[in-house]
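K.L.:
3D, please:
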Amino acid sequence: MVSLTALWLPIVLSSIIVLVASSIMHMLLPYHRSDYRQLPEEDKLLAALRAASLQRGLYVFPYGTHKEMKSPAMIEKYKQGPVGMLTVFPSGPPAMPKFLGLWFAFTLIVGFFVAYLTGRTVAPGANYLVVFRVAGTAAFLAYGLGNLSNGIWKGQPWGMTLKEVIDGLVFGLLTAGTFGWLWPH
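P.N.:
The predicted model follows:
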């Protein structure tokens, strides 16, 4: 068993590496540029949404209770469309420093749990590939597979979901490599 205090360096370093890798993947590589599309007649739609005084939150449309979803009127609304979800952020430019800070905190949390699981299942001085396998599996579960629920429940296009899963695989491999490299002997 390896204590968490002995794994502080791989936790922090893997978090930094994932932060840098994700920044490169989203800002420099072109494959995420097609993830989002512009709304048709955006100015008209934004004016209508502005007039509704939407607050921060996740909205679903058409909206109804579980009982109402079976009513003929609600079924007709679904047939007519559009059907979807809308995430509303607070007004103002995107708060990238805040988002990056929260993302980094998330990577530290993932690193902590990867360290916990790997430290409890892999002995000190273990072979690089043994550490890599356990740490990589745990990190991929956190970074990659959780994104599948966005395609299932939130209607995210499957192409975008697949790219997020691939990103998660890369982050998992980077985390695994860092833990394997810095594993206590």
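K.L.:
give the contact list for the residue positioned nearest the centre of the chain.
P.N.:
For the chain, Asn147 is the residue whose C-alpha lies nearest the centre (C-alpha atoms, centre = their mean; 5.9 Å). By C-beta atoms under 8 Å, 6 or more residues apart in numbering, the contact list for Asn147 reads 161, 164-165, 168. C-betas here are computed from N, CA, C, even on glycine.
K.L.:
which one of the residues you listed is nearest Phe61?
P.N.:
Phe61 lies nearest to Thr161 out of these, by C-beta to C-beta, at 21.2 Å.
K.L.:
Now Gly84: phi and psi?
P.N.:
Phi and psi for Gly84, reported as degrees, to the nearest 10, are phi -180, psi -170.
K.L.:
what do you get for Asp35?
P.N.:
The phi and psi values for Asp35, taken as degrees, to the nearest 10, are phi -70, psi -30.
K.L.:
Please enumerate the helices of this protein.
P.N.:
8-27, 42-51, 72-80, 96-121, 128-143, 148-153, 158-182 (DSSP state H).
K.L.:
Any buried residues in the longest one, and which?
P.N.:
Of all the residues in helix 96-121, those buried under the rule 16 or more other C-beta atoms under 10 Å are 107-108, 110-111, 114-115, 117-119.
K.L.:
In terms of distance to Ile11, which of these ranks first?
P.N.:
Nearest member of the buried residues of helix 96-121 to Ile11, counting by C-beta to C-beta, is Gly111, at 3.8 Å.
K.L.:
ok, now which ones touch the closest one?
P.N.:
Counting by C-beta under 8 Å, 6+ apart, Gly111 makes contact with 10-12, 14-15, 175.
K.L.:
same deal with Trp103?
P.N.:
For Trp103, the contact set (C-beta under 8 Å, 6+ apart) comprises 19, 22.
K.L.:
any idea how far it is from Pro97?
P.N.:
11 Å (C-beta to C-beta, to the nearest Å).
K.L.:
Asp167 too?
P.N.:
Taking C-beta to C-beta as the measure, Asp167 and Pro97 are separated by 21 Å.
K.L.:
now do Met74
P.N.:
42 Å.
K.L.:
follow-up on the earlier one: can you pick the most crowded of the contacts of Asn147?
P.N.:
Compared across the contacts of Asn147, Gly168 has the highest neighbour count, 21 neighbours, by other C-beta atoms under 10 Å.
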